[in-house]
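*Asks:* pasting a predicted model and its sequence here:
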Amino acid sequence: MILSKQHYALPLVVGVDVGGTKIAAALVDADGVPLHRVRYPTELSSPQATLDSIARAVDQVIEEAGLLPMLVLIKAKRAEQRWIETVHSVDQLQRLEKSCLLGVTEFDCPDNQMCRDTFETSMLAIGGILETAKLLMGGKLDNAFCAVRPPGHHAEPHRAMGFCLLNNVAIAAAAALADGARQVAIIDYDAHHGNGTQAAFLDDPRVAFLSMHQWGIYPGTGWYEEAAEARGRVVNVPLPARSGDRTYGCVAEEIVAPLVRRFRPELMLVSAGFDAHWNDPITSLGLSSTGFHSLSRRLVELADEQCGGRIVFILEGGYEPLNVARGAMGVFAALADRVFDDPGDASPHEDPDSAQLIDKIRNLHSFQK
């Protein structure tokens, strides 16, 4: 199957068939459904960073890499409201649907741009993610990457924030728990703190949450001493500007790996934001495309080690289309255990020394090296 040239902004769940009796991942599409067509505010991002251009760039790198024959199509179905209500209030959901029907162009704050079809597209995106997780937990998929917009990790149970209307990854985790999973781990490597996901599971011992993000930018939360009531289970890694491949590698080995090994989840979900790339227009971190691949590969290895390989990557932020496309390609390569061709976009900036910060976080949560 191929990515529809007419539905760039539709929910897509993309992955690679690596052979054998199981599908390594799936492509989710939904024909004939209007799109969530909005621009991010031009003062915050590149004018080219529309949903269409991001999806078109992802489409192009998949085609150029010769992955199209390896994709499998699953029709996205509209999520049932009961699953959304596992995370969000009925009032928030009703307000969002009504606002879209009335043609309102923003929701709760100016960041949250939308159109008449945004609610239905969001419900389809979540439906595609839920179907993917269900197939994965049933042993019919090995792993998956869900390339969906709108993103979700800033959306809190009672309010939308930061381009995020409904919290895709949180809803997926809650649904997996309701379907019988005992424990779920969520790793968030978007450049911004996953405040909404943290809020959703702050008091739920069945979910571990780790966010690695740039400190001092939106939404202003995610300091490493936050969430004291969930010490060892909710972990924040606030990184200084220019933190790059070396720093993220250390975080993966010294903080992420000990958390996953101690928590022993049955499912791993990843909030995959590609705005941690060094030339993203609204952040100042230092990852390269190869750095994204290395980080993603390490998460896949941890899933193989701890939960039978059950891992789903879900797209969050990223405001330079080429970075998102290359980052997605790095995820595909990690999921399929393929060689990733370095595009030569290493950061020109020096990676700051974060050893003391990493040690403080590791000691705070009693993680062993």
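*Replies:* Ah, there it is. Numbering: from 1, shown residues only.
*Asks:* in the stretch 51-200 of the chain, which spans are helices?
*Replies:* For the stretch 51-200 of the chain, helices defined by DSSP state H, counting those that start in this stretch occupy the ranges 51-64, 81-84, 90-101, 118-137, 168-178, 195-201.
*Asks:* my bad, the stretch 251-369 of the chain
*Replies:* Going by DSSP H, counting those that start in this stretch, the stretch 251-369 of the chain shows helices at 257-263, 289-306, 321-336, 355-364.
*Asks:* and the residue nearest in space to the middle of the chain, what are its bridge partners?
*Replies:* Taking Cα atoms, centre = their mean, the centroid of the chain lies closest to Ser271, which sits 2.3 Å from it. Beta-bridge partners recorded for Ser271 (DSSP bridges): Asp188, Ile314.
*Asks:* tell me the spacing between it and Gly194.
*Replies:* 6 Å (Cβ to Cβ, to the nearest Å). (C-beta placed from N, C-alpha, C; glycine too.)
*Asks:* what residues do those two have in common as contacts?
*Replies:* Common neighbours of Ser271 and Gly194 are listed as 153, 169, 186, 188, 211, 316 (criterion: Cβ atoms under 8 Å, 6 or more residues apart in numbering).
*Asks:* what is the nearest of those to Leu102?
*Replies:* His153 (26.6 Å; Cβ to Cβ).
*Asks:* ok, now which ones touch that closest one?
*Replies:* With contact set as Cβ under 8 Å, 6+ apart, His153 has these partners: 164, 167-170, 188, 190, 192, 194-197, 271, 273, 316.
*Asks:* which one among those residues gets closest to Ala252?
*Replies:* Checking the contacts of His153 one by one against Ala252 (Cβ to Cβ), the nearest turns out to be Asp188, at 13.1 Å.
*Asks:* what is the burial count for Thr197?
*Replies:* 32 (other Cβ atoms under 10 Å).
*Asks:* please verify my assumption that it contacts Leu269.
*Replies:* No. In this structure Thr197 lies outside contact range of Leu269 using Cβ atoms under 8 Å: 9.2 Å.
*Asks:* and for those two, which residues touch both?
*Replies:* 169, 186.
*Asks:* quick revisit: neighbour-wise, which of the shared contacts of Ser271 and Gly194 leads?
*Replies:* Busiest of these [other Cβ under 10 Å] is Val169, holding 33 neighbours.
*Asks:* any low-confidence regions in the stretch 151-300 of the chain?
*Replies:* Nowhere does the stretch 151-300 of the chain drop to pLDDT under 70.
*Asks:* need the pLDDT of the residue of the chain positioned farthest from its centre.
*Replies:* What lies farthest from the middle of the chain is Leu102; by Cα atoms, centre = their mean that is 29.5 Å. Predicted confidence (pLDDT) at Leu102: the value is 92.
*Asks:* minimum distance to Asp304: which of the helices of the stretch 51-200 of the chain has it?
*Replies:* The nearest among the helices of the stretch 51-200 of the chain, by Cβ to Cβ, is helix 118-137 at 13.4 Å.
*Asks:* got the CA positions of the closest one in CSV?
*Replies:* The C-alpha coordinates for helix 118-137 follow below in CSV (Å, rounded to 0.1, in the frame of the first residue of the first chain):
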residue,chain,number,x,y,z
THR,A,118,-10.3,18.8,13.4
PHE,A,119,-12.5,16.9,15.9
GLU,A,120,-13.3,14.0,13.5
THR,A,121,-9.7,13.8,12.4
SER,A,122,-8.5,13.7,16.0
MET,A,123,-11.0,10.9,16.7
LEU,A,124,-9.7,9.0,13.7
ALA,A,125,-6.1,9.5,14.7
ILE,A,126,-6.8,8.1,18.2
GLY,A,127,-8.8,5.3,16.7
GLY,A,128,-5.9,4.3,14.5
ILE,A,129,-3.5,4.3,17.5
LEU,A,130,-5.9,2.2,19.6
GLU,A,131,-6.3,-0.3,16.8
THR,A,132,-2.5,-0.5,16.4
ALA,A,133,-2.0,-1.1,20.1
LYS,A,134,-4.7,-3.7,20.2
LEU,A,135,-3.1,-5.6,17.3
LEU,A,136,0.3,-5.3,19.0
MET,A,137,-0.9,-6.6,22.3
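*Asks:* which of the residues in it are buried?
*Replies:* By 16 or more other Cβ atoms under 10 Å, the buried positions in helix 118-137 come out as 118-133, 135-137.
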